[in-house]
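Undergrad: Just to be clear, the model below is a prediction. Sequence and coordinates:
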Amino acid sequence: MKELGPIPPYFTAIDGELAIAGRKASALVEEAGDTPLFVYSAEIIKLKIASLRKAFPPRLHLHYAIKANHYRPILELMRSLVDGFDIASKGEFAQLEVPSHLISFAGPGKRDSELETAIAAGVTLNLESENEARRALAIANRLGKTPRLAIRVNPSFEIRGSGMKMGGGAKPFGIDAERVPALAKEIIGAGAEWRGLHIFAGSQSLDAAALIETQGLTLDLAAQLSDEIGVPLPALNLGGGFGIPYFPADKPLDIALIGEALTQRMQSLGSALQDTQFAMELGRYLVGEAGVYLTRIVDRKQSHGRTFLVTDGGLHHQLAASGNFGTVVRRNYPVAIASRFDAGPEEEADVVGCLCTPLDRLADQAHLPRADAGDLVAVFCAGAYGLTASPERFLGHPPAREMLV
C-alpha cells in the first residue's frame, strides 16, 4: 500500500458524498453535463487571499500568475481580489480584461510580435536578456512608444528545497545579477520607463525558513543593484515560490511566520528601497487547493491479484497527478472516492486513466473504499497546473469541463 497525499481541509461530505462549496459532486457533474470535470471553489480562493492579506504588510502588492490557471471565470474573480497579473505569453495576455498597467510579462524567448503587443498596450516587460532588451527598444522606437521595462534577475541563490529551482547558476531565466546594472543604465539612457527588478528564485517550497532567507537575500540584492544602477528602484517583484501540500508527509506552509519576518524587514529598509513598490506573484498557492478533478470509473478489473479502477480521465488533464510533471519519484496526490467520501478504506486499488500508456496513473496501490463502475473519483489540489500543464489533445480524448462554484 502507498499513502495518499493530504486532502485540503476545506471539503466535507453530504449524505456520504464529497461536497464542494456545499454541493454534492454528483450534482455538479450533472449540471456540467459529464465527466471529466474540474470544479474550482471561489470561496477557497478568497480564503487563501484573505489569509495572505492578513499575514503580509499592506505595502506588498499581490499578483496572480495566470499560468497556474487561466480559466476565464477565475480571472474575472481575481480582478477584484489581487493587485496585478503576471503573464508568460501573448496568448495569456489575450485572456485578460484588465488595465495593461496591472500586467507584467516574463518568460524567455519572447517573439517580436509579443514584444510589440506588450509595448503597444503598456504592459511591463520583464526582460530576460540583453538581446531581448535591445529588440524591445528597437520595436518601441518604431512604434513611437515609451516601453515599460523591468529586468528579471538571475540571482546567485535559490530557494533551498524548492520543487523547481529558478535561480542560481546557469539558467535560461533572467540576466545574471552582475550584468544587470549595465543593462539597466542602457535602457534608462534610451528613454524607457524604468520599472525595476523581478527576482524569482524557485517554486513549490513548503519551508518557511527557506522562503524567509530567500526574501531577505532578494531584498539585499535589490538594494545592491539599485545602488549600482544609481537611480531609485521603482518596483521589485519578489517572486513567489509558496507551495501547497501534495504528497504524504507534506505540511502546510506557515505564511504567518513568513509575513512576520517580511514585515519586520520592511520596517528597516535602507534608502535604496524606501519608496519601492513591492509585489509578490503567486499562482499555485492561490488556486491549487481550490480545485478538484472529478472523473468517473468506467471499468473495474483484476490483473495478477491487483485491482484497477479505470477512469474516463487521466494524465491528458492531470499530468502532475500522474507524476510526469517535475516529479523524480512518483508519489500519490490526494485522491478519494467522491461517491463514498466519508467511508473508510476497504481495499487496495490502482486508479488509472483511459490512455494507452502505462504513464497514465492517478493513484498507485491506494487504500480506498470499495468502488465500482459509475462511481466518481476526486483528485484534489487540481486548481493549478491541471489543464494548463497537461497534454489535453493526446490521443484525441474529449476536453475536460470546468466550472467555478
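TA: Done, it's in.
Undergrad: Just the buried positions in the longest strand belonging to the chain, please.
TA: Looking across the chain with DSSP state E, the single longest strand is strand 291-303. The neighbour-count criterion (16 or more other CB atoms under 10 Å) identifies Gly291, Val292, Tyr293, Leu294, Thr295, Arg296, Ile297, Arg300 as the buried residues of strand 291-303. Just so you know, the C-beta spots here come from the backbone N, C-alpha and C atoms, and that holds for glycine as well.
Undergrad: so what pLDDT did the fourth one get?
TA: Looking at Leu294, its pLDDT reads 98.
Undergrad: Which residue ranges make up the domains of this structure?
TA: 12-40+289-404, 70-282 (automatic domain parsing).
Undergrad: Report the mean per-residue pLDDT for the last one.
TA: This means domain 70-282. According to the model, domain 70-282 has a mean pLDDT of 92.
Undergrad: just the helices in the stretch 201-350 of the chain please.
TA: 208-229, 255-266, 284-287 (DSSP state H, counting those that start in this stretch).
Undergrad: possible to save the ones you listed as TSV with distance to Phe85 and mean neighbour count?
TA: Formatted as TSV, the helices of the stretch 201-350 of the chain follow (distance: least, CB to CB, whole Å; neighbours: other CB atoms under 10 Å):
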stretch	distance to Phe85	mean neighbour count
helix 208-229	21	19
helix 255-266	21	17
helix 284-287	12	27
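Undergrad: Of all those helices, which one is nearest Leu149?
TA: helix 208-229 (12.6 Å; CB to CB).
Undergrad: Just give me the neighbour total for Ile45.
TA: Residues contacting Ile45 under the criterion other CB atoms under 10 Å number 24.
Undergrad: For it, which non-adjacent residue is spatially closest?
TA: Nearest-residue entry for Ile45: Ala290, 4.8 Å, with adjacent residues in sequence omitted and distances by CB to CB, 6 or more residues apart in numbering.
Undergrad: In this structure that neighbour contacts Tyr40, no?
TA: Yes. Counting by CB atoms under 8 Å, Ala290 does reach Tyr40; the two are 5.3 Å apart.
Undergrad: so what sits against both of these two?
TA: Gly383 (CB atoms under 8 Å, 6 or more residues apart in numbering).
Undergrad: who's more crowded, these two?
TA: Ala290 (29 against 24).
Undergrad: need the contact list for the more buried one.
TA: Tyr10, Tyr40, Ser41, Ala42, Ile44, Ile45, Lys48, Gly383.
Undergrad: what's near enough to touch the fourth one?
TA: Residues in contact with Ala42, defined by CB under 8 Å, 6+ apart, are Ala21, Leu77, Ala290, Leu404, Val405.
Undergrad: ok, back up a step: the longest strand of the chain: how far from the chain's middle?
TA: Distance of strand 291-303 from the chain centroid (CA atoms, centre = their mean, to the nearest Å) equals 26 Å.
Undergrad: again with stretch 182-189
TA: For stretch 182-189, the distance to the chain centre is 31 Å (CA atoms, centre = their mean).
Undergrad: So which bits of it are buried?
TA: Buried, per 16+ other CB under 10 Å, within stretch 182-189: Leu183, Ala184, Ile187.
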